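Asker: would you be able to build a 3D model of this:
(chains A and B)
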Amino acid sequence: MSDRAAGPDAPEAAAPDVVEPEPEEPLEKIAEPRWSTRDRTRERELIALIAELPEADPRRSSARDELVTMHLPLAAFLARRFRDRGESLDDLTQVATIGLIKAVDRFDPQRGVEFSTFATPTIVGEIKRHFRDKGWAIRVPRRLQELRISIGRATAELSQSTGRSPTVAELAAHLDVGEEDILEGMESAQAYATLSLDASSADGMEEGSSLADTLGEDDPGLGEVETRETLHPLVATLPPREQRIIHMRFYENMTQAQIAEQIGVSQMHVSRLLAKSLAQLRTGLVEPTH
Amino acid sequence: MDLDPTVTLRVPANSAFVVLIRAAVSAMCARLDFTIDRIEDVKLAVDEAAALLLSDAPQDTHLDVRFTPDAPDGMRVEMTAPTVNGRSLERDSFTWTVLTALVDEVVATVSADRNLTISLAVHRSEAVRP
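Answerer: This next block holds a predicted model:
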């Protein structure tokens, strides 16, 4: 392990073109889970034990385990700051936990900083590395990512004024870029989506936390979806919001823009979720004859 | 100008090449001044049709895509690939449901030599079909 094992103070040797995901708020503003003085004392004891005891000592490894366990809420907390970027919260929590274990192993009490002060950037670094290594299915240059965001914003603005989704030419004129740039930007949105293809359905409620998820508005009447018997069990594996979108698009014939409005996300997001859900259903439908 | 406006694209029958079809489809849609909503729908439909064709295409074959103008303000996307068993697209399949929801018209035909063609007609209008 050379640069891969780099600590928080090692410079991140990232490709300059690739945007790193940033937590929603600056790190300084992220309050860590509350600690009691007793925890702090115990933390210091554990760190002292780890530093003193020889590696083979079973007491050392149990101290190490305890220190890791104590900080699991911190890892989970930091993982949550990066959700809604196409990676499942489970995966992120796992990556954060790996970061935490690395922090425990690398912590040097001689440096005179608190363990959590040291652990936070190490965990965040691990999460960022995860996004960098596995995040984007295709490395999407910064220019395209920014474009994707501008397109999303412009689409919302133009839809507002015209009452329908804009054309490529309209977006190009609005953003003062070429039509080809718009097409490229639209396609890059899909590159971001592919990474969540295998995101487990269990965290469907977590990701893309829109207000609509928590509101029990009009029942999508999933019963009708069930009429397609081969499909029913598969659709049921999708997160609730994806199920609704599938229903609205394919059984109620709503447009992506209408769905976007009802669900409270961008049209591009609806498009991504549809593509993702269809791909997921497709893989489930390949083997049995349909 | 009586130049044939048909555009054809032939790619290996491998999912890695679907991205090329998508790119061509969106560029064609943009030329026809489709809304991006519509373009995303057509891309989804093409994805879906390609996935179906590829699932049944033998090794080392090709997927052919033909774009032809279709009045008014639309185009027809015909995607053809050989199949192992000459099966067509069932009307009660999920793929059919998806395709018919996304585009204006879907026609599936199997030729005598077991080539399956899925033809999708798409028009500019964004009006929701009843």
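Asker: so what pLDDT did residue 59 get?
Answerer: Because you didn't say which chain, this covers chain A. The confidence metric pLDDT takes the value 89 at A:Arg59.
Asker: the intended chain is chain B.
Answerer: For B:Gln59, the model assigns a pLDDT of 89.
Asker: go on, the one 10 residues further on?
Answerer: On pLDDT, B:Pro69 comes in at 87.
Asker: next: B:Gly74.
Answerer: 90.
Asker: dihedrals phi and psi, it?
Answerer: The phi/psi pair for B:Gly74 (degrees, to the nearest 10) reads phi -140, psi -170.
Asker: may I have the phi/psi pair for the residue lying closest to it once chain neighbours are set aside?
Answerer: Take B:Gly74 and drop its neighbours on the chain: the residue closest to it by CB to CB, 6 or more residues apart in numbering or on different chains is B:His123, 3.5 Å away. C-beta here means a position set from N, CA and C on the backbone, and glycine is covered the same way. Note on B:His123: backbone dihedrals following degrees, to the nearest 10 are phi -120, psi 160.
Asker: count of neighbours near B:Thr35?
Answerer: Look at B:Thr35: counted by other CB atoms under 10 Å in any protein chain shown, it has 27 neighbours.
Asker: wait, what's in contact with the nearest residue to it once chain neighbours are set aside?
Answerer: What sits nearest to B:Thr35 in space, not counting adjacent residues and going by CB to CB, 6+ apart, is A:Ser165, at 4.2 Å. If you count contacts by CB atoms under 8 Å, 6 or more residues apart in numbering or on different chains, A:Ser165 has them with A:155, A:158-159, A:255-257, A:267, B:35-38, B:126.
Asker: go again using 10 Å as the cut-off
Answerer: Applying CB atoms under 10 Å, 6 or more residues apart in numbering or on different chains to A:Ser165 gives the contacts A:155-156, A:158-159, A:171, A:255-258, A:260, A:267, B:34-40, B:126.
Asker: and if you look at B:Val98?
Answerer: B:Val98 touches A:246, A:249-250, A:274, A:278, A:281-282, B:44-45, B:47-49, B:52, B:106, counting by CB under 10 Å, 6+ apart.
Asker: ok so it is a helix residue?
Answerer: Yes. The assignment for B:Val98 by DSSP: H, G, I helix; E, B strand; the rest coil puts it in a helix.
Asker: picking that back up, would you check how far apart the residue nearest to B:Gly74 and B:Thr8 are?
Answerer: 21 Å (CB to CB, to the nearest Å).
Asker: okay, these two: which has more neighbours?
Answerer: B:His123 (19 against 11).
Asker: just to revisit the earlier point, hmm, which of the contacts of B:Val98 is lowest in pLDDT?
Answerer: Lowest in pLDDT among these is A:Arg282, which has 73.
Asker: touching, that one and B:Asp47? I think so.
Answerer: Yes. Taking CB atoms under 10 Å as the definition, A:Arg282 is a contact partner of B:Asp47 at 8.7 Å.
Asker: now the helices for chain A?
Answerer: Along chain A, counting by DSSP state H, helices occupy A:37-52, A:58-70, A:72-80, A:89-106, A:115-130, A:142-162, A:168-175, A:179-194, A:211-214, A:231-236, A:240-246, A:256-263, A:267-285.
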